[in-house]
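In: mind folding the following:
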Amino acid sequence: MDTPQDLLEAICIQPDDDALRERYATMIEPSDPDHAELIRLQLARAKQERAAGVVKSDPTGREGSLLTKHAARWSGYIAKLLVPDGQMPGDLGCTFDRGFIAHARIAIENVLGLGSRLYMFAPIQHLDVAPGEGDVRRVFGVAGLEHLDSISLRGLRLGDTEAKALATCERLSRATWMDLSANEIDVPGVIALAGAAMMQNKVVVELVANPCDPVEQPYYDYDGTLLDVAAKFPPKTIETRVGHPVRWLHYRWEKKPKPDRFHTRYVS
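Out: Numbers count the residues shown, from 1 in each chain. As a prediction, the model looks like this:
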């Protein structure tokens, strides 16, 4: 690990090792003190949030200022692969966490074409698969998904056939957050997912705007008091069909907001 690139490659291989990130910050401090500062700020915030059980947060203060000023430069080397969200001004198609690109929005064809090489550009642990050229079912067999803590397959026209294929994707066993909203998944697809061994560790699964959405959602009063928890389709119907409780159908965070994708892994 004689160069920053060598160390970056090591971080990509071991993205959970924060000591490597600290070493990278020390190595680049003379040439890019702002990036070194961001790494340390985000590592410190992550450590504090895990200890305190924080389930949702966003960069603020000095951290936010550094990202506003430098994120485009720090992500420039991978910009050709990123798909910015046109509805979010200033979105780059990626998010920094613990000092590096941790979330990326990538078109289907590049997810398929790059495979495991995608995860050597940056320590990506959160992936949005954006619409593009290619059969989404092929994504479920591509190498590299085992790195992910979260994945979004929103709006890719997944139906029951694709949901059944997803249910067999053991590479996604690590991920605890999954966005399947705005698709075409009906009861047979939800049953396949609910009964899949790969899905048993999931904490958050979004199925909003599908023909079948049995995931309970919380409803709050204006002062933040939890009023009710309800689902558009009875979750017990799904659980009866699969023969066991399904954790991600139920909202269990009465005293906290639903965790975002960067914190779900740390929710007990």
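
In: isn't there a helix covering Tyr219?
Out: No: going by DSSP: H, G, I helix; E, B strand; the rest coil, the assignment for Tyr219 is strand, not a helix.

In: going forward, count from 40.
Out: Got it, the first residue is 40 from now on, which makes the last one we talked about Tyr258.

In: that one pairs with what?
Out: Assessed by DSSP bridges, Tyr258 has beta-bridge partners Asp267.

In: list the residues that contact it.
Out: With contact set as CB atoms under 8 Å, 6 or more residues apart in numbering, Tyr258 has these partners: 265-269. All C-beta spots, glycine's among them, are computed from the backbone N, C-alpha and C.

In: what of Ala83?
Out: Contacts of Ala83 (CB under 8 Å, 6+ apart): none.

In: from Leu105, how far off is it?
Out: 13 Å (CB to CB, to the nearest Å).

In: picking up where we left off before, from the contacts of Tyr258, which single one is nearest Gly138?
Out: Closest to Gly138 out of the contacts of Tyr258 is Leu265 (35.2 Å), distances taken as CB to CB.

In: pretty sure the closest one sits against Tyr290.
Out: No: the criterion here is CB atoms under 8 Å, and Leu265 misses it with Tyr290 at 9.1 Å.

In: identify the contacts common to those two.
Out: By CB under 8 Å, 6+ apart, the residues touching both Leu265 and Tyr290 are Pro257.

In: okay, these two: which has more neighbours?
Out: Shown here are Leu265 and Tyr290; by other CB atoms under 10 Å, Tyr290 has more neighbours (17 against 13).

In: hmm, Val268 and that one touching each other?
Out: Yes: with contacts counted by CB under 8 Å, Tyr290 reaches Val268, the gap being 5.0 Å.

In: overlap in contacts of those two?
Out: 255-257.

In: now the buried members of those residues.
Out: Glu255 (16 or more other CB atoms under 10 Å).

In: any chance of the shared contacts of Tyr290 and Val268 in CSV, plus pLDDT and distance to Glu223?
Out: Shown next, in CSV, are these (pLDDT from 0 to 100; distance: CB to CB, whole Å):
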residue, pLDDT, distance to Glu223
Glu255, 94, 21
Gln256, 89, 20
Pro257, 86, 26
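
In: and after the longest strand seen in the chain, which helix or strand comes next?
Out: Using DSSP state E to define each element, the chain has its longest strand at strand 139-146. Per DSSP states H and E, the first helix or strand lying C-terminal to strand 139-146 is helix 147-153.

In: and that following helix, what's buried?
Out: 147, 149-151, 153.

In: ok, the contacts of Tyr258 vs His186, which is closest?
Out: Using CB to CB, those come closest to His186 at Val268, 32.7 Å.

In: how near is the closest one to Met127?
Out: 29 Å.

In: and the two? Which one has more around it.
Out: Neighbour count, other CB under 10 Å: between Val268 and Met127, Val268 has more, with 13 against 9.

In: state the pLDDT value of that one.
Out: Looking at Val268, its pLDDT is 87.

In: please apply the same query to Gln53.
Out: pLDDT, read off for Gln53, is 96.

In: what's near enough to touch the nearest residue to Thr303 once chain neighbours are set aside?
Out: Leaving aside its chain neighbours, Thr303 sits nearest to Trp216 (4.2 Å; criterion: CB to CB, 6 or more residues apart in numbering). Taking CB under 8 Å, 6+ apart, we find Trp216 in contact with 188-190, 241-244, 298-300, 303-304.

In: tell me which of those fall in strands.
Out: 189-190, 243-244.

In: quick one: which of these is nearest Lys203?
Out: Among these, Val244 lies closest to Lys203 (CB to CB), at 15.2 Å.

In: with adjacent residues omitted, what lies nearest to that closest one?
Out: Trp287 (4.3 Å).

In: can you report phi and psi for the one you found?
Out: Backbone geometry at Trp287, expressed as degrees, to the nearest 10, gives phi -80, psi 0.

In: can you get me a residue count around it?
Out: 24.
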